[in-house]
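Student: Please find the sequence and the predicted model below.
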Amino acid sequence: MKASATATTIASIAACVFAGALLLQCGPTDPINAGSLSNGGNGGGGVTGTSPTAGAGGNSTAGNGSGGTHFQFSAPPPAGGSTESTGPVDAPVATAELNCGVQTQNPAPQPVDLLLVLDRSSSMSDDIASDATCGGRGAPANCTTRWSTMTASLQQVLATSPAGVQWGLKLFTSPKGSTCTVNQGVEVAVGPNTATQIQNTITGTSPANQTPTTAAIKAAVTYYGTVSDGLAHYILLATDGQPNCDPGTSPSVTDASVQDTANEIGIALNSGGIKTYVIGIGPSTGNLDNFAQAGGTGNYFPATSPDQLTSALSTIIVDVASCKFTMNAAPPDPSNLGVYLDKGTKVALDPSDGYSLAADNVTVTFNGSYCDGLKNGTYQVVQVFFGCPGAPPPAVIP
């Protein structure tokens with residue numbers, strides 16, 4: 001599956017509201033202009049408020065009425081005035097219910113946080129297609145290190161990554177550390193516009209030391225505990241082998257060191273709601289599916305070539321893209337809401353395969369096939385229509 005930037009735009013919708021004999025045509029985003037306070041009299045050929053100026057001679061008097069706030073509209077009076085021209089027509093009292101027949105403006109997918117936990121063990125200097133050490137005896141002529149491949153793939157993927165995916169970086173071992181050192185915190189905090197900082201950090205260091213994956217996952221989860229942006233958190237573990245450094249500074253990979261990493265990834269998911277994606281770089285990573293399964297993402301992505309690595313990164317970006325969209329106003333009647341994809345597809349209220357509306361009445365979440373369609377580019381435009389009392393949203397948006 002190829003990544004595609006999920007384009008989400010919103011177009012304003014015009015709506016017509018009838019009140020008695022009045023026909024009111026609303027512009028896409030223009031607010032309804034309230035007229036002045038009326039005392040029920042002085043109808044005549046002209047009207048107060050925003051209606052056109054009365055024609056000459058329009059001086060008939062409307063009946064007496066009690067005071068009140070009215071929206072007043074009328075067609076232009078006949079040329080020369082007429083005692084038969086219609087006086088002000090009272091529209092409904094100005095309430096939140098009049099915020100209907102229009103769309104929310106510019107709903108955008110909620111951002112997500114994606115922390116790249118990147119293995120910088122010494123074997124990341126080996127060839128991505130083999131276990132040969134580039135520059136060493138027996139190395140292939142086209143030897144390409146795993147580290148340089150990751151750098152190039154990230155440069156390509158970060159350049160096209162949706163703005164809603166906020167990247168961060170955690171390296172293990174930590175730069176300038178010893179054999180199994182993993183410092184607390186991260187090298188680049190998750191946030192918008194971090195691509196350049198991540199690239200500079202990776203190119204400013206080089207592979208060394210062992211593979212303390214368990215400690216790296218622990219540090220990533222601890223860091224996320226300090227991030228209170230309210231967004232979904234994800235980990236992307238990219239490694240070229242099984243974990244060691246467990247316990248202490250042991251360089252051996254053991255059943256215990258592998259299980260400890262899986263356990264920490266499981267804790268991240270079950271206690272923190274943090275899913276973990278896994279990329280295995282090179283031909284000798286071992287079976288990393290247990291890590292991906294513990295992280296709630298199924299299977300790991302093997303990458304033994306630059307194209308495979310780029311494809312894996314791109315696929316993961318698409319998968320983490322949010323299906324939550326935030327409207328800039330709550331609908332007057334949440335039960336009378338029209339949600340559309342590409343104008344012609346009206347989405348039903350359905351938590352399994354449709355849309356859901358959060359308790360805040362401004363967050364719309366797409367579920368099931370509709371979420372998949374937004375992520376893979378089947379749908380490009382999200383629109384939400386506020387229905388008016390007694391007038392449900394249309395089947396399709398013109």
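Tutor: That came in fine, so what should we check first?
Student: Can you give me the neighbour number for Ala108?
Tutor: The local packing of Ala108 (other Cβ atoms under 10 Å) involves 18 other residues. In this view, the C-beta of every residue, glycine as well, is placed from N, C-alpha and C.
Student: Ile317 now?
Tutor: Using other Cβ under 10 Å, the number of residues around Ile317 comes to 25.
Student: Give me the helices and strands touching the strand or helix carrying it, please.
Tutor: Taking DSSP states H and E as the criterion, Ile317 maps to helix 306-320. Packing partners of helix 306-320 (3 or more Cβ pairs under 8 Å, 6 or more residues apart in numbering; DSSP states H and E): strand 112-119, helix 146-160, strand 232-239, strand 275-281, strand 301-303, helix 368-376.
Student: switch to 6 Å and redo it
Tutor: Packing partners of helix 306-320 (3 or more Cβ pairs under 6 Å, 6 or more residues apart in numbering; DSSP states H and E): helix 146-160, strand 301-303.
Student: ranking these by burial, who's on top?
Tutor: strand 301-303 (a mean of 21; mean count of other Cβ atoms under 10 Å).
Student: Which strands and helices lie in contact with that one?
Tutor: strand 275-281, helix 306-320.
Student: Contacts for the helix or strand following the last one next, please.
Tutor: Next helix or strand after helix 306-320 toward the C-terminus (DSSP H and E): strand 324-326. Contact with strand 324-326 is made by Pro107, Pro109, Gln110, Val362, Thr363, Val364, Thr365, Val382, as judged by Cβ atoms under 6 Å, 6 or more residues apart in numbering.
Student: Run me through the strand neighbours of strand 324-326, direction for each.
Tutor: If you go by DSSP bridges, strand 324-326 pairs up with strand 108-109 (antiparallel), strand 363-366 (antiparallel).
Student: and those, which one is worst for confidence?
Tutor: When the strands paired with strand 324-326 are ranked by mean pLDDT, strand 108-109 comes last with a mean of 79.
Student: and that strand, how far from the chain's centre?
Tutor: 5 Å (Cα atoms, centre = their mean, to the nearest Å).
Student: who wins for neighbours among the contacts of strand 324-326?
Tutor: Ranked by neighbours (other Cβ under 10 Å), these are led by Val382, which has 27 neighbours.
Student: give me every residue that touches Leu337.
Tutor: Pro331.
Student: Could you measure from it over to Cys371?
Tutor: Leu337 sits 18 Å away from Cys371 when distances are taken as Cβ to Cβ, to the nearest Å.
Student: roughly how far apart are the residue lying closest to Leu341 once chain neighbours are set aside and Pro111?
Tutor: Among residues not flanking Leu341 along the chain, Tyr379 sits closest, at 4.1 Å (Cβ to Cβ, 6 or more residues apart in numbering). Counting by Cβ to Cβ, the gap from Tyr379 to Pro111 is 19 Å.
Student: Packing partners of the top helix by length along the chain?
Tutor: Longest helix in the chain by number of residues (criterion: DSSP state H): helix 255-272. Counting contacts by 3+ Cβ pairs under 6 Å, 6+ apart, helix 255-272 packs against helix 213-224, helix 289-294.
Student: follow-up on the earlier one: ok, and for the helix holding Ile317, which residues are buried?
Tutor: Across helix 306-320, burial judged by 16 or more other Cβ atoms under 10 Å covers 306, 308-320.
Student: Then stretch 205-216?
Tutor: Buried residues in stretch 205-216, counting neighbours by 16+ other Cβ under 10 Å, are found at Pro207, Ala208, Asn209, Gln210, Thr211, Pro212, Thr213, Thr214, Ala215, Ala216.
Student: Please apply the same query to stretch 359-378.
Tutor: Applying a neighbour-count criterion of 16+ other Cβ under 10 Å, one finds Val362, Val364, Thr365, Phe366, Asn367, Tyr370, Cys371, Asp372, Gly373, Leu374, Lys375, Asn376 buried in stretch 359-378.
Student: and Pro334, what is it in contact with?
Tutor: When contacts are counted by Cβ under 6 Å, 6+ apart, Pro334 is found next to Leu357, Asn361.
Student: which SS class is Arg137?
Tutor: For Arg137, the assignment made with DSSP: H, G, I helix; E, B strand; the rest coil gives coil.
Student: That one - how many residues pack around it?
Tutor: Arg137: 6 neighbours (other Cβ under 10 Å).
Student: cool, and the one 3 residues further on?
Tutor: Residues near Pro140, counting by other Cβ under 10 Å, number 11.
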